[in-house]
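K.L.:
below are the sequence and a predicted model; questions follow.
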Amino acid sequence: STKKRTIYGRVLVLALSVAMAFSLAACGNSSGGETEKKEWIWVPEFVTIDEENVSTYDMQLVGGDLYYQSYDYDEETEKSTQSICKYSLADGSVTQTPLNYVEEKNWNLNRIAFSQDGSMYGITNVYDEDYSKSETFLCKFDAQGNQIFAEDMTDLVAESYVDSVAIDGEGRVYVSGDTNIWLFDADGNKQGTVSLGSDSNWIRAMGSDKEGRMYICYNNSGNTVLADVDFDGKKIGSTYENFPSGNNDRLMPGIDKDFLVQDGNRVYEYDVKAQKATELFTWLDSDINGNYVQSFGVLEDGRIVAVTMDWETGDNGIALLSKTKASEVPQKETIVIGSLYGGSDIQSAAVKFNKSNDKYRISIRGYLDFNSWDGDDYQAYIADGINRMNNDITSNNCPDILDLSGLNIKQLAAKGVFEDLGAYLDKSE
């Protein structure tokens with residue numbers, strides 16, 4: 001009946017409709033679809049840390065280990081214990097080291113960075129009894145959890161906030177927030193401030209390259225700029241173009257090139273000298289929702305470690321990605337979803353489907369290129385994406401499914417691009 005059909009139309013998962021119907025009627029498959037054959041696939045191996053209180057927030061790769069914080073609360077004493085935890089990717093073991101503060105205060109440790117020797121730098125806020133006032137400190141803890149120093153930087157950040165901490169190859173410490181970078185030596189002594197000098201220049205990410213040189217990625221009137229930091233000169237050094245607009249807040253050294261960066265959909269390597277980004281793979285091809293990638297890095301053997309945090313379900317995880325010849329990976333029939341925005345929800349549905357289906361896989365083709373947007377004319381930016389989608393629809397590169405978010409449905413219907421699923425639903429149980 002029509003009523004029954006309407007109900008099914010509302011509740012059927014998009015991916016299931018794809019598997020039933022579009023293997024027969026897909027315009028993409030019949031006219032080329034996703035014709036590009038990839039030579040390499042980054043195959044994931046998913047691992048789980050078998051411990052309670054594991055936080056993937058600020059989890060970082062150091063050598064062959066993942067470092068993170070954990071919090072334990074004792075209901076009897078009503079006190080919490082903070083610890084440095086190390087998860088070995090080699091054997092799966094977990095080492096937990098409680099933090100020992102010099103003074104007993106109401107410490108609140110947040111932004112952290114780990115050194116190669118297992119020591120940790122972090123920004124700590126100390127509140128008074130009624131939480132009306134706070135002080136801000138840069139703290140260092142050795143690998144045994146002992147507090148080495150607590151450098152007061154309350155006055156430095158009075159009109160700002162701290163966003164990230166990073167350590168260069170010489171052990172010097174960089175603390176960023178808003179438009180400033182506060183410089184410290186390895187012993188916590190203040191060395192000066194680098195200011196971008198404009199409210200439009202807010203810092204998006206910070207980190208060192210393969211050689212240990214410090215860089216920042218910042219937003220300048222809608223444009224993404226990569227620049228190196230001159231510690232001794234206390235200023236921004238050279239700037240570099242064509243850097244992808246990544247959605248992570250920490251710059252990571254690359255495999256063969258200077259940086260590994262991701263935009264929530266694709267993963268790139270960036271060559272500073274050539275000022276060029278090279279795409280490595282899409283997260284979805286590795287059964288990962290790129291919007292959930294909290295941090296990632298490269299192991300000595302070339303594998304990529306990705307740490308994910310699903311803020312909606314709390315389903316966090318770790319994936320080890322190995323570069324594999326596509327010919328060595330079981331082939332599936334690809335169903336292409338064309339999407340203007342390609343948001344987190346549709347990526348999550350695609351990941352769930354791809355993991356559970358051995359015959360079909362979903363690929364999402366996004367039509368908005370965030371890396372090309374200069375921040376000026378948003379309507380023109382959207383129009384360009386719709387125009388690219390329309391060109392694909394009227395060519396031999398048509399997607400199989402359209403995500404209708406933000407699209408003119410009546411206009412598309414007039415072009416005859418929709419397939420009535422009624423006949424398929426009548427034959428379905």
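P.N.:
Done, it's in.
K.L.:
tell me how many other residues surround the residue lying closest to V102 once chain neighbours are set aside.
P.N.:
Counting by C-beta to C-beta, 6 or more residues apart in numbering, V102 lies nearest to Q147, which is 5.0 Å off, once chain neighbours are set aside. From N, CA and C alone the C-beta is placed, and that goes for glycine too. Number of residues near Q147 (other C-beta atoms under 10 Å) recorded here: 17.
K.L.:
repeat for V43
P.N.:
With other C-beta under 10 Å as criterion, V43 counts 19.
K.L.:
OK, contacts around it?
P.N.:
Taking C-beta atoms under 8 Å, 6 or more residues apart in numbering, we find V43 in contact with 286, 321-322, 324, 329.
K.L.:
and the buried ones among these, selectable in ChimeraX?
P.N.:
The following ChimeraX line selects those of the contacts of V43 that are buried, judged by 16 or more other C-beta atoms under 10 Å:
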select :286,321
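K.L.:
for the spatially most central residue of the chain, phi and psi?
P.N.:
Centroid-nearest residue in the chain, with C-alpha atoms, centre = their mean: V293, separated by 3.6 Å. The phi/psi pair for V293 (degrees, to the nearest 10) reads phi -70, psi 110.
K.L.:
quick check: it touching D310?
P.N.:
No. Using C-beta atoms under 8 Å, V293 is not in contact with D310, being 10.5 Å away.
K.L.:
give me the beta-bridge partners of C139?
P.N.:
Counting by DSSP bridges, C139 forms beta bridges with G122, A150.
K.L.:
for it, the count of nearby residues, please.
P.N.:
Neighbourhood size, C139 [other C-beta under 10 Å]: 21.
K.L.:
same deal with R250?
P.N.:
Count around R250 with other C-beta under 10 Å applied: 20.
K.L.:
same thing with the one 10 residues further on?
P.N.:
For L260, the tally of surrounding residues (other C-beta under 10 Å) stands at 24.
K.L.:
ok, S363 next?
P.N.:
S363: 20 neighbours (other C-beta under 10 Å).
K.L.:
what's the answer for the one 4 residues further on, then?
P.N.:
With neighbours defined by other C-beta under 10 Å, the count for Y367 comes to 23.
K.L.:
quick check, N108 in contact with G122.
P.N.:
No. The criterion here is C-beta under 8 Å, and N108 misses it with G122 at 10.1 Å.
K.L.:
looking at the two, which one has more neighbours?
P.N.:
The neighbour count for N108 versus G122, taken as other C-beta under 10 Å, is higher for G122 (23 against 14).
K.L.:
ok, now which ones touch T77?
P.N.:
No contacts exist for T77 under C-beta under 8 Å, 6+ apart.
K.L.:
what about it, distance to G145?
P.N.:
From T77 across to G145, the span is 19 Å (C-beta to C-beta, to the nearest Å).
K.L.:
one step back: wait, isn't the residue nearest to V102 in contact with P98?
P.N.:
No. Q147 is beyond contact range of P98, at 11.4 Å (criterion: C-beta under 8 Å).
K.L.:
show me what counts as buried in the longest helix anywhere in the chain.
P.N.:
Under DSSP state H, the helix in the chain containing the largest number of residues is helix 378-393. Buried positions in helix 378-393, judged by neighbour count with 16+ other C-beta under 10 Å: 381-382, 384-386, 388-390, 392-393.
K.L.:
give me the helices and strands touching it, please.
P.N.:
Contacts defined by 3 or more C-beta pairs under 8 Å, 6 or more residues apart in numbering; DSSP states H and E place helix 378-393 against strand 333-339.
K.L.:
buried residues, the strand it packs on. List them.
P.N.:
Neighbour-count burial for strand 333-339 [16+ other C-beta under 10 Å]: 335-339.
K.L.:
the stretch 301-429 of the chain: helices as residue ranges?
P.N.:
344-356, 378-393, 409-414, 422-426 (DSSP state H, counting those that start in this stretch).
K.L.:
just send those helices back as TSV, with distance to Q262 too.
P.N.:
Below are the helices of the stretch 301-429 of the chain laid out as TSV (distance: least, C-beta to C-beta, whole Å):
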stretch	distance to Q262
helix 344-356	13
helix 378-393	20
helix 409-414	31
helix 422-426	37
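K.L.:
closest to K235 out of these?
P.N.:
Smallest distance to K235 across the helices of the stretch 301-429 of the chain (C-beta to C-beta): 32.8 Å, for helix 378-393.
K.L.:
re the thing from before, tabulate the helices of the stretch 301-429 of the chain in CSV, adding columns for distance to A166 and mean pLDDT.
P.N.:
Putting these into CSV (distance: least, C-beta to C-beta, whole Å; pLDDT from 0 to 100) gives the following:
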stretch, distance to A166, mean pLDDT
helix 344-356, 27, 90
helix 378-393, 31, 88
helix 409-414, 47, 90
helix 422-426, 53, 93
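K.L.:
minimum distance to N180: which of these has it?
P.N.:
Comparing those by C-beta to C-beta, helix 378-393 comes nearest, at 28.4 Å.
K.L.:
settle this for me: I318 is touching I304, isn't it.
P.N.:
No. Using C-beta under 8 Å, I318 is not in contact with I304, being 11.3 Å away.
K.L.:
those two - which one has more neighbours?
P.N.:
Neighbours were tallied for I318 and for I304 using other C-beta under 10 Å; the higher tally belongs to I304 (24 against 21).
K.L.:
what's across from the residue nearest to the more buried one when sequence neighbours are not counted in the sheet?
P.N.:
Using C-beta to C-beta, 6+ apart and skipping the chain neighbours, the partner closest in space to I304 is L321 (4.3 Å). Per DSSP bridges, the residues bridged to L321 are P44, I304.
K.L.:
look up how far F281 lies from L321.
P.N.:
8 Å.
K.L.:
now F259
P.N.:
From F259 to F281 the distance is 16 Å (C-beta to C-beta).
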